[in-house]
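> Below: sequence and its predicted model.
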Amino acid sequence: MTQSSSGSDKFHGSGRSVSEEKLMVAVRVRPLRADEGPRIVHVVSDKMLVLEEEADMRKDVLRQRRVNDKHYIYDRVFAEESTQEEVYEAVCAPLVGDTLNGIAGAIFAYGATGAGKTHTMTGLMSRALNHLFTSIGESDEPNSFEVKMSYIEIYNENIRDLLNPGAGFLELRDEGSSGPSIVAGLSEIRAENATHVAELLAKGDRSRTAESTYANQHSSRGHALLSVSVSKTVTKGVQRGRLFLIDLAGSERAGARARRLEGAHINRSLLALGNCIMALSGGARYVNYRDSKLTRLLREVLGGRCRTAMVAHVSPAAGHRDTTRSTLHYAQRASAITNKVEREFIETPMHLSQYRTVISELREEIARLKTKMRDDRTKSREEPIIDETISKEESEENSAHLKSLREAIVSTFKQQMRLRRRLMELDSHLLGLALDAERQHAAISHWEARFNRLYKPINFTGSRMSTQQSYRGGGGSSGSERAEAEVSVEQAWAELAAVEREQEAARTERLRVERQLEQVRLRGAQLEQELPAHISSGPEREVLALVCRVHELEADKLALQGERAARSHELRRRDLALQRRDAQRRLTDEIITRQRRALEEYGAGAQADLAQLYELYQQEIHASTYTETNEYYSPYRLPPISTSMSELTWSESSSGSGRGSSSGSGGTFALDRLPQLAPTPRPRTRYSQASATTLKRYSSDDSLVITAPRASDRAA
Ligand SMILES: Nc1ncnc2c1ncn2[C@@H]1O[C@H](COP(=O)(O)OP(=O)(O)OP(=O)(O)O)[C@@H](O)[C@H]1O
């Protein structure tokens, strides 16, 4: 597929490549049926076709016919005699290659009812999945791939899981305003091989809604979306490619009564799709995907990071001239759409990739042992097991040696696992320390921002000492605040130094364990090499099988632990992000409060619109305070935002519980009519709830600054 417009791949961050690509548009003309009228679509070349338009009878028929006939050019045109294989090779095969390389690809079949969409897509689906499995099988590391598929139908604006039709209608949820739409509860089935896939596809196809229409005896009445995801484990994470194969329902002229509703839904969603295509092809900045479930789901395919191809289908018969013209027109507009194609790479944190490495090493070991067992079995069939030349003593000696070998293998394996676990623990610990260090940096920069040091480069050179000294030197803040800052900053620097020392120690320990592990692994490999020469009987093979089983169980256990570690790492990361947001919000609250106070102290009053914003802000603060502390909430128990604020006199009657009234007349607010200032609510993060010692409260204004957890907290 050669639609790359820029041709230049730019790398963004780790392993993400982006290129701008035009949507590929192909048109397929289905064979003319015997019962249909004359042929009006003529394929001129593999890129061009001609649509005969009706002659204008008022003029010279022959000349006019030539003038009116319309030429259409596309990336590819498939004539009536084109085979499924040709279509697959030209349109789908390149996308399958991309999927294996972590790029998303999509093909959608468009056209009127009976134009041949399902015929094409059925051919593409089975070929694409066969191709995928063949390529995976031929790759260097077939075991590093995982293929999953899901198959849905949108019928009458309801979504059904075609692989689990009993699940009823599924809900479509949005991930944020610009995020993709997700089908909640959709089954994603791990496909084992091409045969398994064929079974799944057949099952899905049987569940599709079909009826007879004027143009098709077996017309698919819903849009079918097959999604195949291919994940590949690579050194630093998982590369994921996806392939979407979409068979749209065909539009239809108003027909039988029973089909009116579905026809309306089909036409509505196709209209929404058409609108999106028009908007995208015209380079619109805003594209409305929200008009139908189909467009919400195709958002990524049409305007996202997908390499997309559209196969428009037409009938060559004169009776379908209008729908054919409209399809050809749509297809032309779609040619102008450009997508930003991206390689999807999910980076795994260091210690999680460690799990994957260990698991894949274990699996390799299992495969090696199993091959060994097979080899020994073949050998033992060829050579008689009972060797009469071996004396009884020799045989006893052999079995004693084998026993000690077995024990040595099991013991090295245990040692290996212990060391591997230790490595993972150390990685996890290092990750935790990195978060701790980040927390300390956040606390220090909080204080620095608070004392405006960041904006005074003469006093603040960014070094540890200069920051500490500048606090001691004072900066116009009150004495108690300065003392508070001095203590907190010193504490944060001390904690940071301790964290850095711990990091250094953990790194040294990691290096030591790594070397030790390497030695044990070498020893294990040597012991294993000794094995084949001694294996001669069933019981010994049993031992090998047992060792395999132990390895297998260990690999499964590690996989589970890896998943758990990934989840807990994600939770910790989010926790830290939440704390950051909280600290930012706290600062914003403080800035607003102080600015208001300054305004009021200077007797300037606030502009009406600003006062209204204050009021909204006040209500928002109260609402969040209420939800965060509603177990014991009482408006009368709320302390003022700062001690100094309590010195200001607020009119209780006009401000109430914070919902001060706005003045519509004067343009400014009198001091006693401003809404009362609310206390800053405490953060509700897990971290803050879990350990009170990790949070240090400002004595002056009830805000919070985060300090590092103590060693005892960390241990807990
Ligand atoms: N390229 C082709 N070669 C041979 N037969 C075809 C081809 N395209 C379509 N047909 C036949 O034409 C009929 C209608 O095709 P198909 O069901 O694929 O249309 P459709 O566009 O999916 O219609 P609908 O939208 O109503 O589901 C089928 O019997 C199909 O086998």
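Looks like it arrived, so ask away.
> where does the stretch 551-700 of the chain dip in pLDDT?
Low-confidence segments of the stretch 551-700 of the chain (pLDDT under 70): 551-553, 555-570, 572-573, 576, 580, 583, 604-606, 619-700.
> run the last query once more with 50
Residue ranges of the stretch 551-700 of the chain with pLDDT under 50: 626-700.
> Phe413 is in contact with Gly524, correct?
Yes. The criterion here is Cβ atoms under 8 Å, and Gly524 meets it with Phe413 at 6.5 Å. All C-beta spots, glycine's among them, are computed from the backbone N, C-alpha and C.
> Surely Leu402 is in a helix?
Yes. Assessed by DSSP: H, G, I helix; E, B strand; the rest coil, Leu402 belongs to a helix.
> please renumber so the chain begins at 3
OK, 3 is where the count begins now, so the last one is Leu404.
> and it, what pLDDT?
Leu404 carries a pLDDT value of 71.
> swap in Met352?
Note on Met352: pLDDT of 46.
> Then Thr463?
38.
> cool, and Ala535?
So, for Ala535, pLDDT stands at 51.
> ditto for the one 10 residues further on
On the pLDDT scale, Val545 is placed at 63.
> same thing with Leu435?
You'll see Leu435 listed with a pLDDT of 80.
> Now it. Nearest residue, chain neighbours left out?
Closest residue in space to Leu435, ignoring its immediate chain neighbours: Gln505 at 4.9 Å, by Cβ to Cβ, 6 or more residues apart in numbering.
> If you count contacts, what does the strand or helix carrying that neighbour end up packed against?
Assigned by DSSP states H and E, Gln505 belongs to helix 481-536. For helix 481-536, the contact count by 3 or more Cβ pairs under 8 Å, 6 or more residues apart in numbering; DSSP states H and E identifies helix 352-384, helix 394-452, helix 466-475 as packing neighbours.
> ok and that helix relative to helix 394-452, angle-wise?
160 degrees (axes from the mean of the first three to the mean of the last three Cα atoms, to 10 degrees).
> ok, now which ones touch Ser413?
With Cβ atoms under 8 Å, 6 or more residues apart in numbering as the criterion, no residue contacts Ser413.
> Okay, it and the ligand: tell me how far apart.
64 Å (Cβ to the nearest ligand atom, to the nearest Å).
> Mind pulling up the pLDDT for that residue?
On the pLDDT scale, Ser413 gets 83.
> Could you do Thr380 as well?
Per-residue pLDDT puts Thr380 at 49.
> circling back: the residue nearest to Leu435 against Ala439, yeah?
Yes. Gln505 lies in contact with Ala439 (Cβ under 8 Å); the separation is 7.3 Å.
> Which helix or strand contains the closest residue to the ligand within the stretch 303-452 of the chain?
Per Cβ to the nearest ligand atom, the residue of the stretch 303-452 of the chain with the smallest distance to the ligand is His315, at 5.6 Å. His315 belongs to strand 308-316 when assigned by DSSP H and E.
> what's the angle from the helix or strand just after that strand to strand 308-316?
As assigned by DSSP H and E, the chain's next helix or strand after strand 308-316 is helix 323-336. Helix 323-336 and strand 308-316 are oriented at 160 degrees to each other (the same axes, to 10 degrees).
> other SSEs contacting helix 323-336?
strand 26-31, strand 50-53, strand 72-75, strand 106-113, helix 262-283, strand 308-316.
> need those in TSV with mean neighbour count, can you?
Formatted as TSV, the helices and strands packed on helix 323-336 follow (neighbours: other Cβ atoms under 10 Å):
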stretch	mean neighbour count
strand 26-31	25
strand 50-53	18
strand 72-75	14
strand 106-113	26
helix 262-283	19
strand 308-316	27
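> Including mean pLDDT, could the ones you listed go into JSON lines?
Formatted as JSON lines, the helices and strands packed on helix 323-336 follow (pLDDT from 0 to 100):
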{"stretch": "strand 26-31", "mean pLDDT": "94"}
{"stretch": "strand 50-53", "mean pLDDT": "90"}
{"stretch": "strand 72-75", "mean pLDDT": "88"}
{"stretch": "strand 106-113", "mean pLDDT": "88"}
{"stretch": "helix 262-283", "mean pLDDT": "70"}
{"stretch": "strand 308-316", "mean pLDDT": "88"}
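> I'd like these laid out as JSON lines, including distance to Gly187.
Shown next, in JSON lines, are those (distance: least, Cβ to Cβ, whole Å):
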{"stretch": "strand 26-31", "distance to Gly187": "33"}
{"stretch": "strand 50-53", "distance to Gly187": "43"}
{"stretch": "strand 72-75", "distance to Gly187": "42"}
{"stretch": "strand 106-113", "distance to Gly187": "22"}
{"stretch": "helix 262-283", "distance to Gly187": "21"}
{"stretch": "strand 308-316", "distance to Gly187": "24"}
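> among these, which is nearest Leu601?
Leu601 lies closest, by Cβ to Cβ, to one member of these: helix 262-283, at 46.2 Å.
> Tell me the helix or strand right after that closest one.
Counting by DSSP H and E, the element after helix 262-283 in chain order, helix or strand, is helix 295-305.
> ok, and what's touching that next one?
Helix 295-305 is contacted from outside by 25, 106, 108, 110, 156, 159, 161, 174, 176, 182-183, 185, 225, 227, 246, 248, 250, 271-272, 274-275, 278-279, 282, 289-292, 308, 310, 339, 341, using Cβ under 8 Å, 6+ apart.
> what does the stretch 303-452 of the chain have sitting close to the ligand?
Contact residues, the stretch 303-452 of the chain versus the ligand (Cβ under 6 Å from any ligand atom): His315.
> again with the chain
32-33, 113, 115-121, 215, 218, 220-222, 251-252, 315.
> Which of these fall in strands?
Applying DSSP state E to those, the entries found in strands are 113, 221-222, 315.
> how near is the spatially closest residue to Gly243 that is not a sequence neighbour to Arg309?
Closest residue to Gly243 apart from its sequence neighbours, by Cβ to Cβ, 6+ apart: Thr101 at 3.7 Å. For Thr101, the distance to Arg309 (Cβ to Cβ, to the nearest Å) stands at 9 Å.
> which residues are in contact with both of the two?
Gly107.
> Quote the end-to-end distance of stretch 101-110.
16 Å (Cα to Cα, to the nearest Å).
> Hmm, I typed the wrong one, I wanted stretch 138-156.
Stretch 138-156: ends 31 Å apart by Cα to Cα.
> Check stretch 171-187 too.
10 Å.
> quick one: average confidence on that stretch?
The model assigns stretch 171-187 a mean pLDDT of 74.
> Which positions in stretch 415-434 come out as buried?
By 16 or more other Cβ atoms under 10 Å, the buried positions in stretch 415-434 come out as 415, 417-419, 421-422, 424-426, 428-434.
> wait, is the residue nearest to Gly243 part of a helix?
Yes. Checked against three-state DSSP, Thr101 lies within a helix.
> show me what contacts it?
Neighbouring residues of Thr101 by Cβ under 8 Å, 6+ apart: 107, 134, 230, 232, 243-245.
> got it, and Val199?
Contact partners of Val199, counting by Cβ under 8 Å, 6+ apart, are 128, 131-132, 135, 149, 151, 193.
> go again using 7 Å as the cut-off
Shown in contact with Val199 (Cβ atoms under 7 Å, 6 or more residues apart in numbering): 131, 151, 193.
> Over to Arg78?
Counting by Cβ under 7 Å, 6+ apart, Arg78 makes contact with 28, 48-49, 92.
> Farthest-apart pair in those, please.
Lys49 and Ala92 (11.3 Å).
> For these two, indicate the residue with more neighbours.
Between Lys49 and Ala92, counting by other Cβ atoms under 10 Å, Ala92 is the more crowded of the two (19 against 14).
> Pull up the gap between that one and Arg270, please.
Taken as Cβ to Cβ, the span from Ala92 to Arg270 is 32 Å.
> swap in Glu201?
34 Å.
> can you check Glu520 too?
For Glu520, the distance to Arg270 equals 64 Å [Cβ to Cβ].
> re earlier: so what does the strand holding His315 touch, helix or strand wise?
strand 26-31, helix 95-102, strand 106-113, helix 119-140, helix 295-305, helix 323-336, strand 340-344 (3 or more Cβ pairs under 7 Å, 6 or more residues apart in numbering; DSSP states H and E).
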